[in-house]
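Colleague: need a structure here:
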Amino acid sequence: MFALIVVANPSKNSLSHAMAAAATRALMERGYDIAFHDLYAEQFDPVQPTGEQANTSSSSEVVEQHCSELARADLIVVCHPNWWGQPPAILKGWVDRVFRLDTAYAYPSGVGPEGIPVGLLRARHALVFNTSNTPREREVSLFGDPLETLWKNCIFGLCGVASVIRRVYAPASASTPEERTAWLAEVKALVENAA
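Modeller: Residues are numbered from 1 along each chain as shown. From the prediction side, this is the model:
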């Protein structure tokens, strides 16, 4: 089995990184082969150049590697903070360049971009772990939950991943060591259940 783990947080000491590490350990214990990407550490270029406007191939070996890993993954784990109800720009750019036509989705024969695509990803499960500094109740009551819709419907759902589990851990900045320990235990349990 093969898992793709992506973390997008500029701080190596972040809860996002701790969650990605917990997921990695859990999957390694279950015998998974893992592709792990820390987008900030790797300095992934989130800007889609003009030559990629058709979004079916790239001259970047890094992008091609990420696309190959996404297509092969049986399980996908994404860890990132909630910034303005969105993922960090580096992660959004990763999605733009890697979840591309003929890798993550396609159009049936005779159907153009105005039609309904079909998902191509083989992953059975995707898990998205978010941190936030806004208490969950306030986040939902004021803003809804844009990240839930984004990951479940607009990205993974459209690309054929039927089981998407997303958790928000908040407020991260005011969390206690005990809360963080409990959150990381939940991350580990959710990953183990999906594996």
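Colleague: three-state assignment of residue 186?
Modeller: helix (DSSP: H, G, I helix; E, B strand; the rest coil).
Colleague: For it, which non-adjacent residue is closest in space?
Modeller: Leaving out its chain neighbours, the residue that sits closest to residue 186 by CB to CB, 6 or more residues apart in numbering is residue 167, at 6.9 Å. For the C-beta atoms, the positions are set from N, CA and C on the backbone; glycine is no exception.
Colleague: Wait, a strand at that neighbour?
Modeller: Yes. Assigned with three-state DSSP, residue 167 falls within a strand.
Colleague: contact partners of stretch 122-130?
Modeller: With CB atoms under 8 Å, 6 or more residues apart in numbering as the test, stretch 122-130 has contacts from 4, 16, 19, 23, 71-82, 147, 151, 156, 160-169, 187, 190-191, 194.
Colleague: Low-confidence ranges, the chain, go.
Modeller: Applying pLDDT under 70 to the chain picks out residues 53.
Colleague: can you map out the helices along it?
Modeller: With helices called from DSSP state H, the chain shows them at 15-29, 61-72, 89-98, 136-143, 146-149, 177-194.
Colleague: May I see the buried residues of the fourth one?
Modeller: Okay, so that is helix 136-143. For helix 136-143, the buried set under the neighbour-count rule, 16 or more other CB atoms under 10 Å, comprises residue 139.
Colleague: Same check on the shortest one?
Modeller: Neighbour counts using 16+ other CB under 10 Å place residue 147 of helix 146-149 among the buried residues.
Colleague: Can you spell out which helices and strands pack onto that helix?
Modeller: strand 163-169 (3 or more CB pairs under 8 Å, 6 or more residues apart in numbering; DSSP states H and E).
Colleague: Kind regards, and thank you for your time.
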